[in-house]
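A.B. asks: Generate a structure from the sequence data that follows.
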Amino acid sequence: MPAVIRHDWTREEVLALFDLPFPELLHRAASVHRERFDPTEVQVSTLLSIKTGGCPEDCAYCPQSARYDTGLKAQKLMAVDEVVARAAAAKAAGATRFCMGAAWRSPKDRDVAEVAKMVGAVKALGLETCATLGMLKPEQAQALKVAGLDYYNHNLDTAPEFYADIIKTREYQDRLDTLEAVRAAGLKTCCGGIVGMGESREQRAGLLQTLANLPEHPGSVPINRLVQVEGTPLHGTALLDPFEFVRTIAVARLLMPASMVRLSAGRNEMSEELQALCFLAGANSIFYGEKLLTTGNPDVEADQALFARLGLRPMPVVEESRTVHADIACAKPEAA
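C.D. replies: Have a look, this model is predicted:
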């Protein structure tokens with residue numbers, strides 16, 4: 001019987017999972033993963049920065065903030081035709097999901113209208129679509145839903161009690177409010193966080209606890225490993241132990257058994273062996289291609305070679321009633 005979907009995890013329960021002996025934790029996570037997913041399939045996504053830099057926020061990890069001197073040049077919103085061309089190239093390279101990211105605190109209505117055009121055109125290519133544009137008003141979320149958007153990404157970043165150490169220009173509740181607007185519009189949520197920012201294990205547990213106790217589990221949970229960019233306040237932070245990162249992936253899989261768990265930022269600095277452990281621990285989605293917004297990402301050829309060595313294959317996409325989504329092989333309905 002598949003693991004029950006819960007929304008009432010305590011911090012103590014989550015920490016107890018983190019504290020399990022490593023082989024036991026991976027065994028449990030791999031077993032839960034197999035209940036709803038084919039462990040040989042990995043969702044392949046591409047993320048394009050459609051509007052880069054110049055963000056007024058002060059997120060301590062982010063090179064796109066206008067407050068930090070990182071050498072990143074701000075760029076205006078890309079043209080629709082250019083975005084569609086990049087999406088077509090991503091599909092040709094094997095991607096099945098195309099994510100569009102813009103460095104806004106919150107988009108203007110005219111910006112949302114332009115992104116909606118991009119969404120419709122990318123969806124027409126047969127790709128699953130996702131966008132991350134900052135805080136949304138309910139009517140903006142509805143406009144993106146009408147355009148055909150599948151997922152909206154809005155990360156919690158870290159545990160509530162550590163959040164103010166990382167970001168001061170936006171409240172934690174602001175993030176929760178955007179997620180509520182997205183769910184109310186009928187969009188699926190993509191929501192995760194970043195580890196390796198100097199947080200404690202208990203705070204990593206707090207991030208996953210908060211995600212798992214949302215009214216609905218995010219359909220997609222990106223787990224980012226901090227990419228340290230010179231000029232940002234977090235540059236020089238002590239590196240997170242690789243096994244602790246794998247533990248985080250495994251606990252995310254156990255808490256959110258029906259969600260896609262994505263290896264997101266930081267993969268460029270991971271060994272192939274570390275990535276393989278993450279797949280064993282329940283990660284079943286990656287970003288694919290040259291750039292992850294403004295930081296490096298393994299190239300397509302390297303990813304294809306790794307998949308071949310591990311016997312993995314990209315998760316296919318199917319289209320049903322105008323909704324393009326990842327076809328989760330062996331997927332079973334969520335338990336109540």
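A.B. asks: Can you get me a residue count around residue 257?
C.D. replies: 24 (other CB atoms under 10 Å). To be clear about C-beta, it is placed using only N, CA and C from the backbone, and glycine gets the same treatment.
A.B. asks: and what of residue 135?
C.D. replies: Neighbours around residue 135, by other CB under 10 Å: 16.
A.B. asks: Surely residue 187 and residue 149 touch.
C.D. replies: Yes - using CB atoms under 8 Å, residue 187 is in contact with residue 149, at 6.1 Å.
A.B. asks: These two: which has the busier surroundings?
C.D. replies: Each of residue 187 and residue 149 has its neighbours counted (other CB under 10 Å); residue 149 has more, 27 against 22.
A.B. asks: In the protein, where's the longest strand?
C.D. replies: Using DSSP state E to define each element, the chain has its longest strand at strand 41-51.
A.B. asks: counting contacts, what elements does it pack onto?
C.D. replies: helix 80-92, strand 97-102, strand 260-263, strand 285-287, strand 291-292, strand 313-314 (3 or more CB pairs under 8 Å, 6 or more residues apart in numbering; DSSP states H and E).
A.B. asks: nearest to residue 14, of these?
C.D. replies: strand 260-263 (15.1 Å; CB to CB).
A.B. asks: Paired strands for that closest one, with orientation please.
C.D. replies: Using DSSP bridges, the strands paired with strand 260-263 are strand 220-225 (parallel), strand 285-287 (parallel).
A.B. asks: what's the next secondary structure element after that strand?
C.D. replies: helix 272-280 (DSSP states H and E).
A.B. asks: how far out from the middle of the chain is that following helix?
C.D. replies: In terms of CA atoms, centre = their mean, to the nearest Å, the centre of helix 272-280 is found 17 Å from the chain centre.
A.B. asks: contact partners of that helix?
C.D. replies: Contacts to helix 272-280, defined as CB atoms under 8 Å, 6 or more residues apart in numbering, come from residues 26, 30, 39, 42, 242, 245-246, 249, 263, 267, 270, 306, 309-310, 312.
A.B. asks: Which of those residues are buried, as a ChimeraX select command?
C.D. replies: This is the ChimeraX syntax for the buried subset of the contacts of helix 272-280, where burial follows 16 or more other CB atoms under 10 Å:
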select :26,30,39,42,242,245,246,249,263,267,270,306,312
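A.B. asks: Where among the helices and strands packed on strand 41-51 is average confidence lowest?
C.D. replies: Lowest mean pLDDT within these: strand 291-292, at a mean of 42.
A.B. asks: How about residue 52: what's its closest non-neighbour residue?
C.D. replies: Closest residue to residue 52 apart from its sequence neighbours, by CB to CB, 6 or more residues apart in numbering: residue 75 at 4.2 Å.
A.B. asks: pLDDT score assigned to that neighbour?
C.D. replies: Model confidence at residue 75, given as pLDDT, is 82.
A.B. asks: who touches both of residue 187 and residue 149?
C.D. replies: Joint contacts of residue 187 and residue 149 (CB under 8 Å, 6+ apart) do not exist.
A.B. asks: Which pLDDT value goes with residue 185?
C.D. replies: 95.
A.B. asks: Just the element for the residue nearest to it when sequence neighbours are not counted, please.
C.D. replies: For residue 185, ignoring the flanking residues on the chain, the nearest one in space by CB to CB, 6+ apart is residue 141 at 3.8 Å. Using DSSP H and E, residue 141 sits within helix 138-147.
A.B. asks: Now do the buried residues in that helix.
C.D. replies: For helix 138-147, by 16+ other CB under 10 Å, it's 140, 141, 142, 143, 144, 145, 147.
A.B. asks: out of those residues, who's nearest residue 81?
C.D. replies: Residue 81 has its nearest neighbour among the buried residues of helix 138-147 in residue 147, at 16.5 Å by CB to CB.
A.B. asks: And the closest one, how close does it get to residue 122?
C.D. replies: According to CB to CB, to the nearest Å, residue 147 and residue 122 sit 10 Å apart.
A.B. asks: Would you quantify the distance from residue 210 to residue 183?
C.D. replies: According to CB to CB, residue 210 and residue 183 sit 15 Å apart.
A.B. asks: swap in residue 303?
C.D. replies: 32 Å.
A.B. asks: for this structure, what spans make up the strands?
C.D. replies: So, for the chain - with DSSP E - the strands run 41-51, 97-102, 128-132, 151-153, 188-190, 193-195, 220-225, 260-263, 285-287, 291-292, 295-296, 313-314, 317-320, 323-326.
A.B. asks: Can you lay out those as CSV showing distance to residue 236?
C.D. replies: Output for the strands of the chain, formatted as CSV (distance: least, CB to CB, whole Å):
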stretch, distance to residue 236
strand 41-51, 25
strand 97-102, 25
strand 128-132, 27
strand 151-153, 27
strand 188-190, 29
strand 193-195, 16
strand 220-225, 16
strand 260-263, 24
strand 285-287, 25
strand 291-292, 21
strand 295-296, 16
strand 313-314, 36
strand 317-320, 41
strand 323-326, 37
